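1. Provided below are the primary sequence and the corresponding predicted coordinates.
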Amino acid sequence: MLLSFSFGTAIAQDEEVTLDLWMFLDGTGFLPSVVEAFEAAHPNIKVQITDVPEGEYVTKVDTAFLAGQPPDLAFPYVIRWIRAGLVAPIDETLAAAGVEIEDYNAGAVSRNCTLDGQVYCLGTFTAGYNLFYNKDLFDAAGIPHPSPTEPMTIDEYADAAEQLSMYSDDMSERVWGATLPQPWWMEPAHYFSDDGRNVIGYVNDEATAHFYQVVADMHGSDSVLSGADLSLVGNSSVDMLAAGQLGMSVEDSPIAQPLLEASGINWGAAPNPVEEEGQAPWVYTGSDELMALSGSDNLVEALQFVLFWGTEGNRLRAEGGGLPLNMRMAEELNWAQGSEGRQELLAAIQLGRSTVFVPTVWNAYGHISETLNSLMIEDGIPAQEALDEIAPVIQEDLDQLWETWDTFEG
């Protein structure tokens, strides 16, 4: 049953309205299908989709803002658009419709859609970078299955990878234990102070240095599926997982879940490894959020679409097998459907939660990744020394980000 809500009489019900929606399409046809359902429920509103390549998205939207001709609806790619007042809050819209933001995945919503206590967007699905694993390979190695709610430590991850691997000169028969951990596997709170303004003493503390020393030591091991290995076999890591040649790997859940289900392997899901015992689990989550731009001449209708996207869009996503952003809806619709893998994924992905705010964490991730590859792995510099060297560089970059954020007026 389609949802229908009223937002007042700012625009007559029978007046024809066209909304411009800019998004980078994924080729699945899902967005057009939701638009079709929305237009059927709101005959006076048409939605015109413009497919903007992701690499050009921010520049194109910024240019449209400067020209005073932005679209009505867009993806919140950079949170400075919200900071500048260019995005309309949707709190009143949600309240009028009886929608509880607490029902949605907290990690995904907090990452792009909330600022200073207000909500600005919603999506249709929950994507998470979760640890996926092959249960049969764990059983064969005599290793207990990872918990869907309690993370392994990096040492346990490295040990499991070694035990899961089965070397063979024949690449088609070889089994790799794991993939190499990456910076974005860990919660940003391990890299930044509570206020997000400092990294020295956090990104290079003893626990983080130990994490990256283990990672650096794993590189080059027969137990780790490398980029060179992937080039030789001509597959992605998630393909190798589905083929039964990879014990465990952190993968993007909307890609991994359907592929693993189609493969027929006995799979499970868990949170990512952490630095040390006792650290709280965390999963990076996101969604396909859409926002209504505050300068829209058709703001009432644009808000209607955002609400539809975040409610009926979630229902349509779940009907297609995807995990909705609304966690309560996932439970009510029995999204797991008796599947142990789905049950574990649902439990693990709900570990996504709000964490330390930084204008962008990707700069820091880039610095850490480069340091891991160039200093720790290629040059063999101890992780503590390498992180001590890069911490001031990350701090300088972070200071510039915050200076821009603090003085930004739109």
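-> Right, received. Where do you want to start? Numbers count the residues shown, from 1 in each chain.
2. hang on, residue 137 in a strand?
-> No. Checked against DSSP: H, G, I helix; E, B strand; the rest coil, residue 137 lies outside a strand; its state is helix.
3. who's in contact with it?
-> 164, 175, 244, 247 (C-beta atoms under 8 Å, 6 or more residues apart in numbering). The C-beta positions use only the backbone N, C-alpha and C, and glycine is treated the same way.
4. what comes into contact with the stretch of helix or strand residue 307 belongs to?
-> Using DSSP states H and E, residue 307 falls within helix 299-310. Helix 299-310 is touched from outside by 3, 5, 7-8, 10-11, 17, 19, 21, 34, 37-38, 41-42, 45, 47, 72-73, 88, 90, 93-94, 97, 99, 104, 121-124, 290-293, 296, 325-326, with contacts defined as C-beta under 8 Å, 6+ apart.
5. filter the residues you listed down to the ones in strands?
-> Members of the contacts of helix 299-310 lying in strands (criterion: DSSP state E): 17, 19, 21, 45, 47, 73, 121-122, 290-292.
6. pLDDT, distance to residue 189 and neighbour count for those - can I get that in JSON lines?
-> Listed next are the ones in strands among the contacts of helix 299-310 as JSON lines, based on pLDDT from 0 to 100; distance: C-beta to C-beta, whole Å; neighbours: other C-beta atoms under 10 Å:
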{"residue": "17", "pLDDT": "96", "distance to residue 189": "44", "neighbour count": "18"}
{"residue": "19", "pLDDT": "98", "distance to residue 189": "38", "neighbour count": "24"}
{"residue": "21", "pLDDT": "98", "distance to residue 189": "35", "neighbour count": "20"}
{"residue": "45", "pLDDT": "97", "distance to residue 189": "42", "neighbour count": "23"}
{"residue": "47", "pLDDT": "98", "distance to residue 189": "39", "neighbour count": "23"}
{"residue": "73", "pLDDT": "98", "distance to residue 189": "32", "neighbour count": "26"}
{"residue": "121", "pLDDT": "97", "distance to residue 189": "23", "neighbour count": "26"}
{"residue": "122", "pLDDT": "98", "distance to residue 189": "25", "neighbour count": "30"}
{"residue": "290", "pLDDT": "98", "distance to residue 189": "28", "neighbour count": "26"}
{"residue": "291", "pLDDT": "98", "distance to residue 189": "26", "neighbour count": "27"}
{"residue": "292", "pLDDT": "98", "distance to residue 189": "31", "neighbour count": "28"}
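7. please tell me how far residue 55 sits from residue 24.
-> Separation of residue 55 from residue 24 (C-beta to C-beta, to the nearest Å): 9 Å.
8. residue ranges with poor pLDDT in the protein?
-> 1-14, 408-410 (pLDDT under 70).
9. can you list the domains in it?
-> With domains defined by automatic domain parsing, the chain comprises 17-126+287-325, 128-283+356-405.
10. how far away from the center of its chain is the first one?
-> Centre-to-centre, domain 17-126+287-325 and its host chain are 16 Å apart (C-alpha atoms, centre = their mean, to the nearest Å).
11. and the longest helix for the protein?
-> When the chain is parsed with DSSP state H, its longest helix is helix 383-407.
12. and it, what other elements does it pack with?
-> helix 206-218, helix 362-371 (3 or more C-beta pairs under 8 Å, 6 or more residues apart in numbering; DSSP states H and E).
13. what sits up against the first one?
-> Judged by C-beta under 8 Å, 6+ apart, the contacts made with helix 206-218 from elsewhere in the structure are 154-155, 158, 161, 178, 180-181, 186, 190-191, 202, 224, 275-276, 368, 372, 376-377, 382-384, 386-387.
14. give the next helix or strand downstream of it.
-> Past helix 206-218, the next helix or strand by DSSP H and E is strand 224-225.
15. mind listing the strands that following strand pairs with, and their directions?
-> strand 176-179 (parallel) (DSSP bridges).
16. what lies in contact with the strand it pairs with?
-> 157-158, 160-165, 218, 222-225, 229, 237, 240, 245-250.
17. where exactly do the helices run in the stretch 151-300 of the chain?
-> 154-164, 206-218, 227-233, 237-242, 253-263, 299-310 (DSSP state H, counting those that start in this stretch).
18. which one of those lies nearest to residue 80?
-> Of all the helices of the stretch 151-300 of the chain, helix 299-310 sits nearest to residue 80, with 19.4 Å by C-beta to C-beta.
19. immediately after that closest one, which helix or strand?
-> Heading C-terminal from helix 299-310 (DSSP H and E), you reach helix 312-319.
20. specify the angle between that next one and helix 253-263 in degrees.
-> Here helix 312-319 runs at an angle of 30 degrees relative to helix 253-263 (axes from the mean of the first three to the mean of the last three C-alpha atoms, to 10 degrees).
21. show me what the following helix or strand past helix 312-319 is packed up against.
-> For helix 312-319, the following helix or strand on the C-terminal side (DSSP H and E) is helix 327-332. Contacts defined by 3+ C-beta pairs under 8 Å, 6+ apart place helix 327-332 against helix 312-319, helix 340-349.
22. contacts only, for residue 405.
-> Residue 405 neighbours (C-beta under 8 Å, 6+ apart): 80, 83, 359.
23. specify the local secondary structure of the last one.
-> Per three-state DSSP, the local secondary structure of residue 359 is coil.
24. correct me if wrong: it contacts residue 404.
-> Yes. Residue 359 lies in contact with residue 404 (C-beta atoms under 8 Å); the separation is 7.3 Å.
25. great, nothing more from me.
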